[in-house]
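S.K.: all I have is the shape, not the residue letters:
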C-alpha cells in the first residue's frame, strides 16, 4: 500500500502536528513514511500544509500531486487542494470553519464539526486530534489504540492535556 | 532503532556522531535547525559552537579551528555559501579538512527560501577563486544524508580537503525514519601532525598557509591538489543505477529530485515506457564513466536530466554522454518543485505517447 | 663577555623582508620577546594577516596560520576555542583590521574572545603600494587620495582603540608608538600585559602600535618616525583605553 495525505489549514490549527502524528503512528506500525512541511512565508499566520506519504516500501517521491486524502481545516486550503484529490479519494472538511460543500461526485467527502467536538472533548485546541481520529477510522491504516499510545508518548511532558486529546481522538473516530 | 527526525536535525546529530566538535555558523533559512540543534548538542559533547557575526567569519573560524586540528564544520544556504566561497578557496589552498553543509534555496540574489538545486555550479566547479574542487555528496534522503555526513569528516581528513553535503530545502525540512549510527571514538581518529595545535617550535613548527609567491611552487601545489582530486575520482565516485538495465529512457537527477524521478520511472513503466534513473551520489567527482557506459547501451534512446534549476548538472551529463544520445533537460526553479506526474508527462511527450 | 642583547628565541632565523626603516621588525621583536618572557614557547598559535606582514608566519617561532584578508580574529577564534589552553595572537595591519575586517575585530572584541591582537597602524596600505587606509590622516596624500584625504570624500580616520573600548568584552586596549626608544619600551609593557591577560583568561586584548611606512609615506626612516610622533599621535593619542584591572 501507499497512501498520500495532504493536511492544510491556518498556522496554529495544528496541521503540521496532525501530520506528524500520522508519521509517528506509521513508524510505530512498521511502515515507511515521509512528512514534508510547507515552510514558505505562509508559515507566519497564513495557510500551512504538510504532505505525508505512508507506504509499505521505501517512499520515493515525498511530493504529492494527487493525494488519496485531503484534510482541509480551513476554506482557502479546501479550494487550493480539492481538485487535486485523486478519483476515489477522500476529503475531510472541517465544517466548523467551512460552510461550503465540495462539488465533486467522484470522491468521498466527510464533513466534520471538529471545533464543536473539540469543545466537547474539553479543549478547543484538540480539533486537529478530532480530525486525526476521523482520518484513522476512514483510512483504516492504524488502530485507535496505537494512535492513543502515540498521543500519550508525545504529550508525556504535558500530562494535563492528555485526557482531552484522548477524548478528542475517540470523538473523531466515532463521528465518521 | 529507527527514529522520526527532521533532515536538518538528523544531519546535525550525525555530524556529532561522526566526530565533529566545532561548529561555526550564521542563521539563514532553510538550514536553521542545524545550528539550533548544535547550540544545544555541542556543549554536551565538549564541543565548540559559535554563532558567528557573518558567514564570512563563520568559514574563517572553521579555517582557524580546522587548521588547529579540530573536526570542524559550518552549514548555510545558498547566499551564505556564496559569502563563504572565499574562505572555502583558502581552506582548499591550505589543504584543511572540514565539512560544509549547503541546504540550497532558490536564487539568484536573495531569491526565495524554497528548495532549489541552483548551487550545482558553485558546489562542483570550485565556487571561489583558483583551481580547486571538493568532494560533493548529494543525499536523496535523510538516512543517506546521515550516512554521508557521518563519514564526511573521515574523508575530509583523508584527503585534507573540504567536503560538501549538498541538500536542498526539502531535505532539510522533511521528516523520515532514520537510524543514527553510534558515536565515533575521537581517540581513534588519525593524528594531524600538520595541525597548528600550538606545540610547534623550531623545525617542528607547523604553518597553515595558502600563499605561494613563487610561481613554480604554486604550480606544484596545484598539481598536488589535482592529484588529490584524481584520487577522489578513483575512490569516491558514487551513483545509484535505478532500473537502468533495460531502460530505453534514462533520467538523471540528484538529491530529492531523484526520488521524484524514481516515482516517475515506476509510473512510466506502468504505462509501458522502459524508464530508468541514474542518480549521482557524488556530484564531484561526477560519475561520468557510469553515464557514458549507459549511453553506449544500444537500447538507450535518450536521456532526460531533471533539476530544480535552469540546467546546471545537465552540462556534465552532456559531457559524459558526449553526443552518443540526445540529452534533454527539464527543470523547475524559484522554489517550484515538479511532481512525478510532471516528469512522466515530459517523457511521454518526447516519446510521442 | 656578558651578552647584553640577543634575538628572542620566539623568532626564527629567517631574514625579515620588510623595507629599511619599517617598524614591523620592532613590532615582531616585541611580540616575540613578550611571548618568550611569559614562557609561551611551545604553546602559541599565531595568525598572520594579508598585508605587509603576510609573511609573519616565516618569522615567529611558533605554529602559524596565514589567513584571508581581514579574517584573522575569526581564524584566531576558531583556533583558540579548540585550544583554549594555548596562547593565540592575531597580527594585523590597518587595512586588514580597520577596513575589510571591521566586522571580525568588533565581534571578536564583543565576545571577549580570549586572544591578543597586535594592530599595526601606519596610516597607509603598504603591500599594495601606498593606497589610502581607514586610518589615513586628513590631508594625507596617498596613491588613492592624490589631493589628500578629505572628509566629504573619504570621511574621518577610524580610531580603533576608542571604538573597541566602548565594548564590554575587551579586558585591555592600549595604543602605543614605535617612534622612539622610550615608546618602544612602553609598547613592550603593553604587549606583555595583553598576553598576560590572555594567560589569566581575562578576555580580549588589543595593542595598537603606531608605525611607519617610509617607503609609501615617501619619507626617510627618521622623517617617518617624526611623522608618527608629531602628526599621527595627535589624531591617535597614546594611552590605555580599557583596562579591567584599573577599574577595580
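M.R.: Great, that's in hand. As the structure is a computational prediction, the values presented were derived from the model and not from experiment. Numbers count the residues shown, from 1 in each chain, chains lettered A, B, ... in the order given.

S.K.: quick one: low-confidence ranges for chain A?
M.R.: A:40-46 (pLDDT under 70).

S.K.: in which helix or strand does residue B:254 reside?
M.R.: Secondary structure assignment for residue B:254, by DSSP states H and E: no helix or strand.

S.K.: that one and chain C, how far apart?
M.R.: 30 Å (CB to the nearest CB, to the nearest Å). C-beta coordinates here come from the backbone N, C-alpha and C atoms, glycine included.

S.K.: report pLDDT for that residue.
M.R.: Residue B:254 is assigned 98 on the pLDDT scale.

S.K.: how many neighbours does it have?
M.R.: Applying other CB atoms under 10 Å in any protein chain shown, we find 29 residues neighbouring residue B:254.

S.K.: with adjacent residues omitted, what lies nearest to it?
M.R.: residue B:138 (4.2 Å; CB to CB, 6 or more residues apart in numbering or on different chains).

S.K.: stretch C:130-144: how far from the chain's middle?
M.R.: 18 Å (CA atoms, centre = their mean, to the nearest Å).

S.K.: so who does the residue lying closest to residue B:211 once chain neighbours are set aside touch?
M.R.: Nearest residue to residue B:211, sequence neighbours excluded (CB to CB, 6+ apart): residue C:66, at 5.5 Å. Applying CB atoms under 8 Å, 6 or more residues apart in numbering or on different chains to residue C:66 gives the contacts B:94, B:207-211, C:47-48, C:54, C:56-57.

S.K.: same check, this time on residue C:68
M.R.: B:60, B:63, B:86-87, B:90, C:50, C:75.

S.K.: hang on, the earlier thing: got TSV for the contacts of residue C:66, with distance to residue A:111, secondary structure and neighbour count too?
M.R.: TSV is the format used below for the contacts of residue C:66 (distance: CB to CB, whole Å; DSSP: H, G, I helix; E, B strand; the rest coil; neighbours: other CB atoms under 10 Å in any protein chain shown):
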residue	distance to residue A:111	secondary structure	neighbour count
B:94	65	coil	22
B:207	73	strand	19
B:208	67	strand	29
B:209	71	coil	20
B:210	67	coil	21
B:211	72	coil	15
C:47	68	strand	33
C:48	72	strand	27
C:54	73	helix	21
C:56	76	helix	23
C:57	74	helix	26
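
S.K.: now, among those residues, which is nearest to chain A?
M.R.: residue B:94 (36.1 Å; CB to the nearest CB).

S.K.: and the residue of chain C found nearest chain B, what pLDDT?
M.R.: Closest approach of chain C to chain B (CB to the nearest CB) occurs at residue C:78, with a separation of 2.7 Å. For residue C:78, the pLDDT comes out at 98.

S.K.: so how far is residue A:104 from it?
M.R.: 59 Å (CB to CB, to the nearest Å).

S.K.: equivalent analysis for residue C:168, please.
M.R.: For residue C:168 relative to residue A:104 (CB to CB), the value is 65 Å.

S.K.: kindly report the same for residue B:213.
M.R.: 73 Å.

S.K.: so after the longest helix seen in chain B, what's the next helix or strand?
M.R.: Using DSSP state H to define each element, chain B has its longest helix at helix B:215-236. On the C-terminal side of helix B:215-236, the closest following helix or strand by DSSP H and E is strand B:239-242.

S.K.: quick check: neighbours of that following strand in the sheet, parallel or antiparallel?
M.R.: Take DSSP bridges as the rule and strand B:239-242 pairs in its sheet with strand B:275-280 (antiparallel).

S.K.: quick one: the helices in the chain?
M.R.: Answering for chain A, as no chain was given. A:15-28, A:75-81, A:114-121, A:127-139, A:144-154, A:162-175.

S.K.: oops, chain C please
M.R.: Counting by DSSP H, the helices of chain C are C:24-37, C:72-82, C:94-95, C:102-110, C:151-154, C:160-164, C:181-199, C:214-217, C:221-227, C:233-235, C:244-247.

S.K.: what's the least confident stretch among the ones you listed?
M.R.: helix C:244-247 (a mean of 86).

S.K.: what's in contact with it?
M.R.: So helix C:244-247 is contacted by C:171-172, C:202-203, C:240 (CB under 8 Å, 6+ apart).

S.K.: among those, which are in strands?
M.R.: For the contacts of helix C:244-247, the ones inside strands are C:172, C:240, with DSSP state E as the criterion.

S.K.: quick one: contacts for the residue nearest to residue A:136 when sequence neighbours are not counted?
M.R.: If the residues on either side of it in the chain are set aside, residue A:136 comes closest to residue A:142, at 4.9 Å by CB to CB, 6+ apart. Counting by CB under 8 Å, 6+ apart, residue A:142 makes contact with A:22, A:25-26, A:29, A:136.

S.K.: please report how far the residue nearest to residue B:211 lies from residue B:185.
M.R.: 33 Å.

S.K.: sorry, back to before: tell me which of the helices of chain C is the most buried.
M.R.: Mean neighbour count (mean count of other CB atoms under 10 Å in any protein chain shown) peaks for helix C:72-82 among the helices of chain C, with a mean of 31.

S.K.: per-residue confidence at the closest residue to residue B:324 other than its chain neighbours?
M.R.: Leaving aside its sequence neighbours, residue B:324 sits nearest to residue B:295 (CB to CB, 6+ apart; 4.3 Å). Confidence at residue B:295, expressed as pLDDT, is 98.
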